[in-house]
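Asker: sequence and predicted structure, then a few things I'm wondering about:
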Amino acid sequence: MENPKNYFHLHLISDSTGETLIAAGRAAAAQFQASQALEHVYPLVRNRKQLAPVLDAIDGAPGIVLYTIVDRELSAVIDQRCREMGLPCVSVLEPILDVFQSYLGATSRRRVGAQHVMDAEYFARIEALNFTMDHDDGQLPADLEEADVILIGISRTSKTPTSIYLANRGIKTANIPIVLGVPLPEQLSQVQRPLVVGLIATSDRIAQIRQHRVLGAAKDFNGEDYTDRAQIAEELKYARSLCARHNWPVIDVTRRSIEETAAAIVALRPKLR
């Protein structure tokens with residue numbers, strides 16, 4: 001019998017998109033499996049008028065308050081109101097800014113959304129996303145040499161979501177399915193610049209994911225071979241042999257999140273250069 005989870009309110013106040021805050025809040029909450037955070041996200045809070053209803057909402061659903069607000073006056077208002085309500089309140093960025101200022105001997109600019117400027121890095125990410133979408137599932141193999149990373153694997157090894165995650169980091173990623181009896185694009189064996197990585201998982205894990213896929217498929221879709229574990233084992237054997245033949249590294253994604261798989265791929269890049 002599963003133990004019932006305790007729920008608590010987690011209020012996240014940001015003067016920008018809130019992405020940094022959400023990531024920090026979820027990373028902390030994940031360490032407490034017996035409790036489930038009910039997230040309340042308040043992005044783009046930049047003045048007292050916008051802050052007032054947020055504080056009223058917190059008062060109505062007391063919980064932990066985290067914020068990333070660069071305006072000192074607004075930060076002080078949040079701190080004061082949380083003290084009055086008897087709620088824990090943490091400025092997530094402030095301790096980090098203090099360390100940077102102490103080490104660098106300079107004060108921070110305190111510019112809202114400074115990490116979201118439309119600079120060369122931003123446009124590189126957009127270009128990577130466009131490339132990745134154009135080269136999903138084996139499309140446009142003629143220009144694979146332009147990719148930074150090429151992911152290969154049998155169906156349901158998280159090739160597409162991993163590719164998109166990498167693209168969001170500015171890494172041009174193509175992905176190519178491995179199918180028994182279907183040759184890989186000739187260009188793949190000729191690439192020099194891209195890192196080619198094989199993604200695999202256990203037969204049980206892939207069968208489980210494929211069964212969910214079959215449930216949502218059209219009625220005329222024959223899913224018997226698609227979800228058969230013996231068939232999947234043969235596909236995986238073939239995928240491993242291809243990677244071994246070409247000396248391509250292999251990552252087992254069975255127990256990895258998309259983020260962990262992407263991190264493992266990024267870690268491989270300097271080692272193979």
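Answerer: Arrived safely, thanks for sending. Numbers count the residues shown, from 1 in each chain.

Asker: show me where pLDDT drops low in the stretch 51-200 of the chain?
Answerer: 110-119 (pLDDT under 70).

Asker: for it, what spans make up the strands?
Answerer: Listed in chain order, the strands of the stretch 51-200 of the chain (DSSP state E, counting those that start in this stretch) span 63-68, 89-91, 149-153, 173-177, 195-200.

Asker: strand partners of the third one, parallel vs antiparallel please.
Answerer: The one in question is strand 149-153. strand 173-177 (parallel), strand 195-200 (parallel) (DSSP bridges).

Asker: then the shortest one?
Answerer: Using DSSP bridges, the strands paired with strand 89-91 in its sheet are strand 63-68 (parallel).

Asker: got the buried residues for the partner strand?
Answerer: Buried residues in strand 63-68, counting neighbours by 16 or more other C-beta atoms under 10 Å, are found at Gly63, Ile64, Val65, Leu66, Tyr67, Thr68. Any C-beta I mention is one placed from the backbone N, CA and C, and that applies to glycine too.

Asker: contact partners of that strand?
Answerer: Strand 63-68 is contacted by residues 8-16, 18, 20-21, 24-25, 38, 40, 58, 75, 78, 82, 87-93 when judged by C-beta atoms under 8 Å, 6 or more residues apart in numbering.

Asker: ok, stretch 78-86 next?
Answerer: By C-beta under 8 Å, 6+ apart, stretch 78-86 touches Ile13, Leu51, Leu55, Ile58, Asp59, Pro62, Val65, Tyr67, Ile69, Pro88, Cys89, Ser91.

Asker: what pLDDT does Gly223 get?
Answerer: pLDDT for Gly223: 71.

Asker: now do the contacts for Arg26.
Answerer: So Arg26 contacts Ala37 (C-beta under 8 Å, 6+ apart).

Asker: state the distance from it to Glu259.
Answerer: According to C-beta to C-beta, to the nearest Å, Arg26 stands 11 Å off from Glu259.

Asker: still on that earlier bit, distance to Val196 added to the buried residues of strand 63-68, as TSV?
Answerer: Converted to TSV, the buried residues of strand 63-68 look like this (distance: C-beta to C-beta, whole Å):
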residue	distance to Val196
Gly63	47
Ile64	44
Val65	46
Leu66	41
Tyr67	43
Thr68	38
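
Asker: now, among those residues, which is nearest to Phe32?
Answerer: Taking C-beta to C-beta as the measure, Phe32 lies nearest Ile64 of these, at 10.9 Å.

Asker: tell me how far the closest one lies from Thr162.
Answerer: Taking C-beta to C-beta, one finds Ile64 at 32 Å from Thr162.

Asker: same thing with Ala263?
Answerer: Distance from Ala263 to Thr162, by C-beta to C-beta: 10 Å.

Asker: compare the two (neighbour count), which wins?
Answerer: Thr162 (28 against 14; other C-beta atoms under 10 Å).

Asker: count of residues packed around Val54?
Answerer: 18.

Asker: list the residues that contact it.
Answerer: Per C-beta under 8 Å, 6+ apart, neighbours of Val54: His11, Ile13, Tyr42, Val45.

Asker: 10 Å instead, please
Answerer: For Val54, the contacting residues are His11, Ile13, His40, Tyr42, Val45, Val65, Tyr67, Ile78, Arg81, by C-beta atoms under 10 Å, 6 or more residues apart in numbering.

Asker: so the third one makes contact with Phe8?
Answerer: What that stands for is His40. No - His40 is beyond contact range of Phe8, at 11.1 Å (criterion: C-beta atoms under 10 Å).

Asker: intersection of neighbour lists for these two?
Answerer: Ala61, Gly63.

Asker: ok so, going back, please work out which of the strands paired with strand 149-153 is packed deepest.
Answerer: Neighbour counts (mean count of other C-beta atoms under 10 Å) averaged over each of the strands paired with strand 149-153 peak at strand 173-177, with a mean of 25.

Asker: just how off-centre is it within its chain?
Answerer: Relative to the mean C-alpha coordinate of its chain, strand 173-177 is positioned 18 Å out (C-alpha atoms, centre = their mean, to the nearest Å).
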